[in-house]
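Engineer: Model the structure of this input:
(one chain, ligands or ions: 2)
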Amino acid sequence: MTGITFQIIIKGLVQGVGFRPFIFRIAVKHSLTGWVQNTNEGVIIQVTGTAQNINYFLRSLREEAPQAAIIRDISTLQLHTIIFTDFSIKESNNISGEITEISPDIAVCEECLQDMNNPGTRLDYAFINCTNCGPRFTIINDLPYDRAKTTMQQFEMCKDCGKEYIDISNRRFHAQPVACSACGPHYELFVNGNFISKDTNVIIKAGSKSIEEGGVILLKGLGGMHLACDAFNNSAVEKLRNLKNREGKPFAVMFRDLESLKPFAEIEIAEKQSILSWRRPVVLLKKKTNVGNQVLAESVSAGLNLLGVMLPYMPFHYLLFRQLETNAIVLTSGNFSNEPILTENSDALRQFSDITAAVIVHNRDIYNRTDDSVVRIIADKERILRRSRGYVPAPIRTSLNTDGIIAFGAELTNCFCVGKTKNAYLSQHIGDLQEIETVQFYEETILRFIKLFRIKPNLAAVDLHPMYISTRTGFAMNDLPVVQVQHHHAHIASCMAENMIDEKVIGVALDGTGFGTDGNTWGSEFLLCDLNDFERITHFEYIPLPGGDSATEEPWRTAVSYLYKVYGIDFIDLKLKVIENTDAENIRMIINMIDKKINCPLTSGAGRLFDCVASLLDLVQISTFQAEGPMRLESLTISGCDEAYAFTSGQTICFNETIRGIVGDILNGIEKVTIATKFHNTIILAIFDNVNALRKKSGINKVVLSGGVFQNRYLSEGTIDLLLKNNFEVYSHSTVPANDGGLALGQLAVASKRRELLCV
Ligand SMILES: [Zn+2]
Ligand SMILES: [Zn+2]
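Structural biologist: Residues are numbered from 1 along each chain as shown. Ligands and ions are numbered 1, 2, ... in the order given. Below is the predicted model of the structure:
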């Protein structure tokens, strides 16, 4: 055959996602000859055929690629015509130390679900997968992605699986985790610590019976253990709370399918896309108030208007729902509160045999621990709140040279980040660096990322807080030079890096706490900044935080502090629940602490102002989970209320009049939903007011929003909307969390920029 020959190089996430069989299919379809080869610099293709067919091929390449593939770059080069006899797949080749990207785990695909109905060794086989679906990151321990470098290594393929593995026209061609019941992993059921069965049908029946009888079961998943119970049975959910030692934090619910979810939550188009995506995150939806006869257990997310939902993503989940009568189960990480999700069978059996109705594990080891990811749609865009299974370890592309930088992240909601060329590899959600197990997970995962991505560490980036475990870990690491980055500068830099901005911007960072350059606790920072440095222009007025960290767990303390600031000692006569229901002795103690400046760090944390208002409205006096006050407050917001309270913007932003307005409304019996909404509107106006002043002062029109407060949908949408209406260019987070989980990317960006400037 004659024609012309092109060489095509594709970069992006193209390994382990069924890319080469796809190339083979479309080459054959368009009558092209040549070859395709995986290299660690990307996929290289040479094709010979007519110009028209090569054009069709390139179009198919762009439009029909496998769902989990991410094509970042296609370069084409015409060669002298080469005559090939057919189209073939060449053996993988390592060109250099550069690696291509690793796929995140992919939910089981439709075709595999269909295959589970066929008689044979994959009938109801719970580990079915193909080149388009199955475990990836969770089982991989090194590159290139090859079965021997995964936890599937211990399972020798049977003849039938082996045939499919080498058959280029098969959808399991080079599917590294390929398996069947004759050769692959299996589930095992334990009750009271005793082995019962490894027959999947027996296990499914026993597991679903336990759930339906109101029990809690432990179930091994893709990235770790889960605990599950019937989401309609309140006493079962309460039991789960008790055994996990988790008081109020909402649970995620796995629904049978989209249809069975519809009665319980409102679903917008973008939300539906996220729910159905192959990444299968937990999606936060607005609860429906009118749900008919079946009601989800109150304890799932009591007092909140949000519901975290997901659909089945492992074959086992589908098998379980086939047996279950209930349409929804609570599915939460298998651990005790604050510890990392368990991955080892032996730990699960030791810790959970006595306190669950059944323990169901499998013998495919989990190498990289991942939690379920959590997303929320804000302003029609998916925003990742917790980035783990299905998203990690896809890199974040930046415009910076990040090579060799390790950014150690924050203290709570930690993720760290490593740099390679211009990519930033943000780790999976690690958690709060407070329990020894979490710190071990953190240290171990840093080393794994360095190895996996072939990082040669040459620079560490850490927070300014001297006592953060993450800061100390950075300083202790191989005597690397260390760049310290102020917390809120890092937040803004994170959002800048995600949006590839490298110039001076107006930054608004609103969160709970972060160590400031003046030694105070910051958290409502209006900055003029670039990636190198920042100038703090204004912030919410400082208030004393009686008891420091313990005040963040006890919003009533913050409320007392604000009331004392606004009203002086007369506040104790106000007819407010927080005063009436708090021991007078405790209130006196707080006043004394403030007067004498005993353990009363100054804070400008926006989260504290939300805590104060949540306490004034008597929503939360003592938090049972992080950001409970702000979440309960947001849950009360309603549309159609444009009113706001007064505030003053001067050297700092003062909310004394806001507090007076709120107290006045409470005493006048105004509805809580109105007060909560007016308060949110006030913050939106305060942001706008100060951003506007900054634009006048600086001439800068780009506004970058970051910090955990922007996970608040009402606040984010209101702020973005108002800024856009006033012709600002607004940048917010999407693929990187706005909370401290995204902080490491900002640290990395600042370190990279400072290094670049020093080198120039
Ligand atoms: Zn599949
Ligand atoms: Zn097999």
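
Engineer: Tell me the helices and strands packed up against the helix or strand of the chain with the lowest mean pLDDT.
Structural biologist: Scoring the helices and strands of the chain by mean pLDDT, DSSP states H and E places strand 87-93 at the bottom, with a mean of 82. The helices and strands touching strand 87-93, judged by 3 or more C-beta pairs under 8 Å, 6 or more residues apart in numbering; DSSP states H and E, are helix 19-29, strand 33-39. Where you see a C-beta, it was placed from the backbone N, CA and C, and this is true even at glycine.

Engineer: export the last one as PDB, just CAs?
Structural biologist: It stands for strand 33-39. Provided in PDB are the C-alpha atoms of strand 33-39 (Å, rounded to 0.1, in the frame of the first residue of the first chain):
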ATOM      1  CA  THR A  33      -0.600   0.500   8.500                       C
ATOM      2  CA  GLY A  34       2.300   1.200  10.900                       C
ATOM      3  CA  TRP A  35       2.800   0.800  14.600                       C
ATOM      4  CA  VAL A  36       2.200   2.200  18.000                       C
ATOM      5  CA  GLN A  37       4.700   2.200  21.000                       C
ATOM      6  CA  ASN A  38       4.500   3.200  24.600                       C
ATOM      7  CA  THR A  39       7.500   5.000  25.800                       C
END
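
Engineer: Show the backbone phi and psi for the closest residue to ligand 2 within the stretch 451-600 of the chain.
Structural biologist: Here the stretch 451-600 of the chain gets closest to ligand 2 at one residue, Leu452, 27.7 Å apart by C-beta to the ion. With angles defined as degrees, to the nearest 10, Leu452 sits at phi -60, psi -40.

Engineer: is it true that it touches Asp142?
Structural biologist: Yes - using C-beta atoms under 8 Å, Leu452 is in contact with Asp142, at 6.6 Å.

Engineer: Those two: which is more packed in?
Structural biologist: The residue with more neighbours, out of Leu452 and Asp142, is Leu452; 21 against 14, by other C-beta atoms under 10 Å.

Engineer: So for the residue lying closest to Ser60 once chain neighbours are set aside, what pLDDT did the model give?
Structural biologist: Nearest non-adjacent residue to Ser60, counting by C-beta to C-beta, 6 or more residues apart in numbering: Ile26, 4.2 Å away. Ile26 is assigned a predicted lDDT (pLDDT) of 93.

Engineer: Now for Ile26: which residues touch it?
Structural biologist: Counting by C-beta atoms under 8 Å, 6 or more residues apart in numbering, Ile26 makes contact with 57, 60-61, 64.

Engineer: ok now do the residue in the stretch 251-400 of the chain positioned nearest to ligand 1, which residues does it touch?
Structural biologist: Ligand 1 sits closest to Pro315 of the stretch 251-400 of the chain, with a gap of 9.4 Å, by C-beta to the ion. Pro315 is in contact with 108, 112-113, 116, 125-128, counting by C-beta under 8 Å, 6+ apart.

Engineer: Which pair in these has the greatest spatial separation?
Structural biologist: Taking C-beta to C-beta as the measure, those span a maximum distance of 13.1 Å, between Leu113 and Phe127.

Engineer: Between the two, which is the more surrounded one?
Structural biologist: A count of neighbours by other C-beta under 10 Å puts Phe127 above the other of Leu113 and Phe127, at 26 against 14.

Engineer: quick one: the more buried one and ligand 1, what's the gap?
Structural biologist: 11 Å (C-beta to the ion, to the nearest Å).

Engineer: Looks like that residue contacts Val178 (just checking).
Structural biologist: No - shown here, Phe127 and Val178 do not form a contact pair, counting by C-beta under 8 Å, at 9.4 Å.

Engineer: Restricting to C-alpha, output the helix or strand harbouring Thr558 in CSV.
Structural biologist: Here Thr558 sits within helix 555-567, counting by DSSP states H and E. Extracted C-alpha coordinates of helix 555-567, given in CSV (Å, rounded to 0.1, in the frame of the first residue of the first chain):
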residue,chain,number,x,y,z
PRO,A,555,-17.8,28.4,68.9
TRP,A,556,-19.5,29.8,72.1
ARG,A,557,-16.1,31.1,73.2
THR,A,558,-15.7,33.0,70.0
ALA,A,559,-19.2,34.4,70.3
VAL,A,560,-18.5,35.7,73.8
SER,A,561,-15.3,37.3,72.5
TYR,A,562,-17.2,39.1,69.7
LEU,A,563,-20.0,40.2,72.0
TYR,A,564,-17.6,41.5,74.6
LYS,A,565,-15.8,43.5,71.9
VAL,A,566,-19.0,45.0,70.5
TYR,A,567,-21.1,45.6,73.6
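
Engineer: Now do that helix: which elements does it pack against?
Structural biologist: Going by 3+ C-beta pairs under 8 Å, 6+ apart, helix 555-567 lies up against strand 543-544, helix 549-553, helix 577-580, helix 584-596, helix 606-616, helix 656-667.

Engineer: Show me the contact partners of the first one.
Structural biologist: Contacts to strand 543-544, defined as C-beta under 8 Å, 6+ apart, come from residues 558, 561-562, 565, 593-594, 597, 600-603, 608.

Engineer: Mind checking the pLDDT average for it?
Structural biologist: Mean predicted lDDT for strand 543-544 stands at 97.

Engineer: List the pairing partners of that strand within its sheet, with orientation.
Structural biologist: strand 602-603 (antiparallel) (DSSP bridges).

Engineer: gap between the partner strand and the chain center?
Structural biologist: In terms of C-alpha atoms, centre = their mean, to the nearest Å, the centre of strand 602-603 is set 29 Å apart from its chain centre.

Engineer: Could you do stretch 626-638 as well?
Structural biologist: Stretch 626-638 sits 20 Å away from the centroid of its parent chain (C-alpha atoms, centre = their mean).

Engineer: go on, stretch 433-452?
Structural biologist: Distance, centroid of stretch 433-452 to centroid of chain: 17 Å (C-alpha atoms, centre = their mean).

Engineer: buried residues in that stretch?
Structural biologist: Across stretch 433-452, burial judged by 16 or more other C-beta atoms under 10 Å covers 433, 435, 438-439, 441-443, 445-446, 449-450, 452.

Engineer: So which of those sit within strands?
Structural biologist: Of the buried residues of stretch 433-452, none are assigned to strands by DSSP state E.

Engineer: Which two of these have the greatest separation?
Structural biologist: Farthest pair in the buried residues of stretch 433-452, by C-beta to C-beta: Glu435 and Leu452, 24.6 Å.

Engineer: Disregarding residues adjacent in the polypeptide, which is nearest to Lys420?
Structural biologist: In space, and not counting its chain neighbours, Lys420 is closest to Phe453: 5.3 Å by C-beta to C-beta, 6+ apart.

Engineer: Surely that neighbour is in contact with Thr421?
Structural biologist: No - if you go by C-beta under 8 Å, Phe453 and Thr421 don't touch, sitting 10.2 Å apart.
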